[in-house]
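1. Need a 3D model of the following:
(one chain, ligands or ions: 2)
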Amino acid sequence: PSQRQALKAEAAALLKSHNAVLVAHYYVDGDLQDLALETGGIVSDSLEMARFGRDHAAQTLVVAGVRFMGESAKILSPEKRVLMPDLDATCSLDLGCPADEFAAFCDAHPERKVVVYANTSAAVKARADWMVTSSCALEIVADLHARGEKILWAPDRHLGRYIQEQTGADMLMWNGACIVHDEFKGLELELLREQHPGAMILVHPESPKSVVEMADVVGSTSALIKAVVEGQAQEYIVATDNGILHRMRQLAPGKTLIEAPTAGNSATCKSCAHCPWMAMNGLQNLIDCLRSGQGEITVDEPTRVKALGCIARMLDFTA
Ligand code: 13P
Ligand code: SF4
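-> Numbering: from 1, shown residues only. Ligands and ions are numbered 1, 2, ... in the order given. Prediction:
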């Protein structure tokens, strides 16, 4: 067997012997996505990752993704051991929203419901009334708006603007962005669409307004995969992290997938749209974390208890 296959087999055996289950995001390495599915785990968007980890009986959850995903798993299942292949795998949205500055922002606007995106630290979630992911943000904000609530939103400005436009809610926004999606370019996308007039354009809502405006489908990673599987078109232009193409190709093998253009792409960069922190997950460090027990996520108990409220509220809302 190839070295990759050997590593996969070793990882599968370790997952089994440690009574562990692998919870992977669509942006991580394809081998890890396959391993998760082949060993009874899951590859999904961040909402389903949280739900699956909470509901699975395994005593150890191995989260292949970025740190906030591991923290959410630990917050929901404090009795489980949560391991990550690399604890330094973070997210620009999380980094751009420090808990102390965020608390001061909330303190200045006590009349607003605090709604935070999943891509934040446990300490930021501890300050929030609601956590949302891209697959339920619209519904939850629309519901709050219908009940007359004003909202304080953090941290992704593009997702926030999109939700604000869709719902008409009164939203005060934090100014954060995803370094991957922020790079997609509307003008270049327009040129690409001219070359592929029949293509459906699929966009994650962390992308800039000019890109979202051209979308046939705007949605979470799961929603974009569903759009490829169910869509009538032959060609799809995909404006999200290109790690997602692995699962799209598996589920829709006959369809043509085209990466949406980023600032430096074409001649200079064919694969700009890949999250450097998602890319820190691999078979070898997954094996290492299971062998050594290093890479364990911890969340201090007072923070965990406070953060649990906003995550549990979202899971109940979407149940
Ligand atoms: P999803 O919730 O759509 O999977 O997105 C998570 C993420 O990090 C997007 O960049
Ligand atoms: Fe964060 Fe963007 Fe990476 Fe998702 S793709 S984890 S939002 S930096």
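
2. what about the closest residue to residue 41 other than its chain neighbours, helix or strand, and which?
-> Counting by Cβ to Cβ, 6 or more residues apart in numbering, residue 22 is the residue found nearest to residue 41 once chain neighbours are left out, at 3.7 Å. Placement of C-beta: from N, CA and C, glycine included. With secondary structure defined by DSSP states H and E, residue 22 is part of strand 20-25.

3. Pairing partners for that strand, with directions?
-> strand 42-44 (parallel), strand 60-64 (parallel) (DSSP bridges).

4. Tabulate these (JSON lines), appending distance to ligand 2, mean pLDDT and mean neighbour count.
-> Output for those, formatted as JSON lines (distance: least, Cβ to the nearest ligand atom, whole Å; pLDDT from 0 to 100; neighbours: other Cβ atoms under 10 Å):
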{"stretch": "strand 42-44", "distance to ligand 2": "14", "mean pLDDT": "97", "mean neighbour count": "23"}
{"stretch": "strand 60-64", "distance to ligand 2": "12", "mean pLDDT": "98", "mean neighbour count": "28"}
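
5. can you redo those as a markdown table with distance to residue 138?
-> Formatted as a markdown table, the strands paired with strand 20-25 follow (distance: least, Cβ to Cβ, whole Å):
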| stretch | distance to residue 138 |
| --- | --- |
| strand 42-44 | 19 |
| strand 60-64 | 25 |
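
6. ok so, going back, can you tell if the next helix or strand after the strand holding residue 22 touches ligand 1?
-> Heading C-terminal from strand 20-25, the first helix or strand you meet, by DSSP H and E, is helix 30-38. No: using Cβ under 6 Å from any ligand atom, helix 30-38 never reaches ligand 1; the gap is at least 12.7 Å.

7. Spatially, what comes nearest to whatever residue of the stretch 101-250 of the chain ends up closest to ligand 2 if we skip its sequence neighbours?
-> Nearest residue of the stretch 101-250 of the chain to ligand 2 (Cβ to the nearest ligand atom) works out as residue 178 at 3.2 Å. Nearest non-adjacent residue to residue 178, counting by Cβ to Cβ, 6+ apart: residue 206, 4.3 Å away.

8. what pLDDT does the one you found get?
-> Note for residue 206: predicted pLDDT of 97.

9. correct me, but it touches residue 157?
-> No: between residue 206 and residue 157 there is no contact, the gap being 9.4 Å when judged by Cβ atoms under 8 Å.

10. In terms of neighbours, single out the busier of the two.
-> residue 206 (29 against 21; other Cβ atoms under 10 Å).

11. Checking the more buried one next. Helix, strand or coil?
-> Here residue 206 is coil, with the state taken from DSSP: H, G, I helix; E, B strand; the rest coil.

12. on that earlier part again, give me the distance between the residue nearest to residue 178 and residue 290.
-> Applying Cβ to Cβ, to the nearest Å, the value for residue 206 to residue 290 is 31 Å.

13. just residue 172 next, same as before
-> 43 Å.

14. burial measure for residue 214, as a count.
-> Neighbours of residue 214 under the rule other Cβ under 10 Å: 18.

15. Which parts of the stretch 1-150 of the chain are strands?
-> 20-25, 42-44, 60-64, 81-83, 113-117, 130-132 (DSSP state E, counting those that start in this stretch).

16. Which one of those lies nearest to ligand 1?
-> Using Cβ to the nearest ligand atom, the strands of the stretch 1-150 of the chain put strand 20-25 closest to ligand 1, at 6.2 Å.

17. so where is the stretch 201-319 of the chain shaky, pLDDT-wise?
-> 264-271 (pLDDT under 70).

18. residues from it in reach of ligand 2?
-> 206, 241, 275, 277-278.

19. Kindly reformat those as a markdown table and extend each row with secondary structure and distance to residue 297.
-> Formatted as a markdown table, these follow (DSSP: H, G, I helix; E, B strand; the rest coil; distance: Cβ to Cβ, whole Å):
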| residue | secondary structure | distance to residue 297 |
| --- | --- | --- |
| 206 | coil | 23 |
| 241 | coil | 22 |
| 275 | coil | 19 |
| 277 | coil | 15 |
| 278 | helix | 16 |
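
20. Which one of the residues you listed is nearest to residue 98?
-> residue 277 (17.1 Å; Cβ to Cβ).

21. who's in contact with the residue nearest to residue 243 when sequence neighbours are not counted?
-> For residue 243, ignoring the flanking residues on the chain, the nearest one in space by Cβ to Cβ, 6+ apart is residue 27 at 3.6 Å. Contacts for residue 27 (Cβ atoms under 8 Å, 6 or more residues apart in numbering) come out as 65, 221, 241, 243-244, 274-275, 278.

22. of these, list those near ligand 1.
-> residue 221.
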